[in-house]
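Participant: Provide a 3D model corresponding to the input given below.
(one chain, ligands or ions: 1)
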Amino acid sequence: MIIKSQAPAIEEIQWVKNEVALIHERNRQRGFATWCNHEFDFTCPSSVTYPFQWFWDSCFHAIALSHVDIKKGEAELVSLLKNQHSDGFVSHVTFWQRDAFEEMVSTYAIAFRSKYLSDEMQPPLLAEAVAAVADRGRGAEFTREILPGVRRFYEWLHITRNPYGDGLIRVVQPDETGLDHSPMWDELMNIQDEEQESWERGWHSICDPYDAFDRDPKKMIELNHFVVADVMTNVIYIENLRVLARLCRDIDDEDGALVYEDRANKAVQSLEKLCWNEEDGLYYGVNGKENKQLRVNTFTSLMPLLLPDLEQRKVDLLIKHITDPAEYWAEYPIPSVAMNHPTYRPETVGGNLVWRGPSWMNSNWYLARGLQRHGRLDLARHIAHQSMAMVKASGIREYYNPQTANGHGAPDFSWSTILVDLVVGVA
Ligand code: GLC
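Facilitator: Residues are numbered from 1 along each chain as shown. Okay, here's the model as predicted:
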């Protein structure tokens, strides 16, 4: 395959910026919520299917917005933290306008802490989002305003989700990784077929037992039936601890910076020890206090490429997997599941089971940056070009067929606008 390694043209970058600005105008939600007495101003993932505020979506939105509209980017993050809980936790969904969408909410499989706030986490890329908005906007002034809440959230993760003291954070149900229906979970959830109902049954088998003790975090972990250190979630955590350290330095807090750097380094050591699989040359998430590897080849196995301190031998092995046409080097990379894995499906299956094969913009963004960090700007640019080609072919969609660029899932899907940072980043 020919690698498109030229820098994106100025006109292409401008075209992407225009598309991005349009989506954030169309999907913007503004108003006042009487249940919490707060104003809100954020971009929802999709006006059609997801009208509420999701945690990691909002972080991607803020990074995209930092290129086109700083005010909206700031407002997105401020809204996200408005209903932060007293323990530092930030819900993965804030149902700002729930009363207008009761019927839609009844179709979601989501755990609630209260009527308007979920009791789940999502991948913690909040520090990266703050840094993007601060760097292209008001700098340390914005950082100073928002950092206290951000730090309380990372303390919550450290205290509540690092149960074995190895520095890795654990999720207690699959959707906490944001990768809801990934085949990584099939075994733990006892999934036998590709139907939405089977997945929902699996989800209830994991989550219903938690209700008996009111989702007490300690007890959920003690139950030991889904206590996963997911590779992607932890790589994002590590990256964000390091960004958090930098943000602390921006406001002259050297002691704070050192704490986060120590946590990041410890997590890297545990990731190497527990998640690396020498035989396959890939990283896998581990489950439970036994740390059993979940040996399914998905894009998360490649995510440690984002770590700048990854040893060269492992960098080379991961790049070999990415550029193998049998595994990940599709016409429109990077598929979310290796194409030679038996569960790989290029398009939607079972109603709307996600993360079982199609290519997504957010994973392309992370992996392209990883490639770039390890000297492979050529491959990163190729991913950027093919990502733009997907949008040209099908518009801004939730995910794409890696072989044909057919768009699937929600139309006008907001986090796909992270494309702008991918394209600018390789220019
Ligand atoms: C789906 C995705 C999740 C995302 C949400 C809103 O549930 O799996 O990652 O946050 O939609 O876009």
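Participant: Going by C-alpha atoms from here, please, whenever you check contacts or count neighbours.
Facilitator: Fine.
Participant: Look up the closest residue to whatever residue of the chain ends up closest to the ligand, ignoring the ones flanking it.
Facilitator: For the chain and the ligand, the shortest gap (CA to the nearest ligand atom) falls at Gly178, measuring 3.4 Å. Spatial nearest neighbour of Gly178, chain neighbours left out: Gln122 (5.9 Å); criterion: CA to CA, 6 or more residues apart in numbering.
Participant: How about stretch 19-28 and the ligand, any contact?
Facilitator: No - Stretch 19-28 does not reach the ligand (CA under 6 Å from any ligand atom); its nearest approach is 12.3 Å.
Participant: Show me which positions of that stretch end up buried.
Facilitator: Glu19, Val20, Ala21, Ile23, His24, Asn27, Arg28 (16 or more other CA atoms under 10 Å).
Participant: host element of the second one?
Facilitator: Right, Val20. Element membership of Val20, judged by DSSP states H and E, is helix 10-26.
Participant: average pLDDT across that helix?
Facilitator: Per-residue pLDDT values across helix 10-26 average out to 98.
Participant: Centre of the chain to the next helix or strand after it, how far?
Facilitator: Remark: after helix 10-26, the chain's next helix or strand is strand 28-33, criterion DSSP H and E. With CA atoms, centre = their mean, to the nearest Å as the basis, strand 28-33 stands 24 Å off its chain's centre.
Participant: where along the stretch 301-427 of the chain do the strands fall?
Facilitator: Using DSSP state E, counting those that start in this stretch, the strands of the stretch 301-427 of the chain run over 397-400, 407-411.
Participant: Just say which of the ones you listed is most tucked in.
Facilitator: strand 397-400 (a mean of 26; mean count of other CA atoms under 10 Å).
Participant: does any bit of that one sit next to the ligand?
Facilitator: No - remark: strand 397-400 sits outside contact range of the ligand, by CA under 6 Å from any ligand atom, the gap being at least 8.0 Å.
Participant: Any chance you could list what contacts that strand?
Facilitator: Strand 397-400 has contacts (CA atoms under 8 Å, 6 or more residues apart in numbering) with 346-347, 358-361, 390-391, 406-413, 415-416.
Participant: Out of those, which end up buried?
Facilitator: Using 16+ other CA under 10 Å, the buried members of these are 346-347, 358-361, 390-391, 406-413, 415-416.
Participant: coming back round to it: against the ligand, which of the contacts of strand 397-400 make the cut? List them.
Facilitator: Answer for those near the ligand: none qualify (CA under 6 Å from any ligand atom).
Participant: List the buried residues for stretch 352-359?
Facilitator: Leu353, Val354, Trp355, Arg356, Gly357, Pro358, Ser359.
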